[in-house]
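In: have a look; sequence and predicted model below, questions after that.
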Amino acid sequence: MATRDSMSELLQRCNEVINYAEQQYEAGRRQEHYNETEYTDAQMQLETIYNELHTMDQSANQQQREELHRMRLLVEQMQNQMTLRLH
C-alpha cells in the first residue's frame, strides 16, 4: 500500500505541475510562439507526473486509486488543452 506521505507528496507535485502548465498555457495563448521552450517543458512535466501517478496506482489501495484516478483526469485534461492549442 502507498504511504500517506508518498500520496500527499505526489498529489502536491501534481498540483504544482498542473499550475505551471496552466500558466504556460495562458502565456502561450497571449504570446503565441514566444514561450515554446516553457510550453514544451510543461508538457513534458505533465507526461512525467502522469506516469508517476500510474506507477503509484500499482501500490495504492482502492480509496487511493480513486484519488489518483481523479488526478490523472485533471492531468489528461490539461494535456489535451495544451495539445489542442498547438493546432
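Out: Okay, I see it.
In: in the lengthiest helix in the chain, what counts as buried?
Out: With secondary structure taken from DSSP state H, the chain has its longest helix at helix 4-31. For helix 4-31, a neighbour-count test (16 or more other C-beta atoms under 10 Å) marks 7, 10-11, 14, 17-18, 20-21, 24-25, 28 as buried. For every residue, glycine as well, the C-beta is placed using N, CA and C.
In: what's stretch 68-82 in contact with?
Out: Residues outside stretch 68-82 that contact it (C-beta atoms under 8 Å, 6 or more residues apart in numbering) are 7, 11, 14, 17-18, 21-22, 24-25, 28, 39, 42-43, 46-47, 49-50, 53-54, 56-57, 60.
In: thinking again about what came up before, what about the longest helix of the chain, distance to the chain center?
Out: Computed by C-alpha atoms, centre = their mean, to the nearest Å, the separation of helix 4-31 from the middle of its chain amounts to 6 Å.
In: now do stretch 27-46
Out: Centre-to-centre, stretch 27-46 and its host chain are 14 Å apart (C-alpha atoms, centre = their mean).
In: from the rest of the structure, what touches that stretch?
Out: Contacts to stretch 27-46, defined as C-beta under 8 Å, 6+ apart, come from residues 17-18, 20-21, 23-25, 75, 78-79, 82-83, 85.
In: separation between T55 and M82?
Out: Relative to M82, T55 is positioned 22 Å away (C-beta to C-beta, to the nearest Å).
In: who's more crowded, those two?
Out: Higher neighbour count among T55 and M82: M82, with 19 against 13, using other C-beta atoms under 10 Å.
In: just the element for the more buried one, please.
Out: Following DSSP states H and E, one finds M82 within helix 62-85.
In: check which residues of that helix are buried.
Out: In helix 62-85, counting by 16+ other C-beta under 10 Å, buried: 64, 67-68, 71-72, 75, 78-79, 82.
In: so where's this protein uncertain?
Out: Applying pLDDT under 70 to the chain flags residues 1, 32-33, 86-87.
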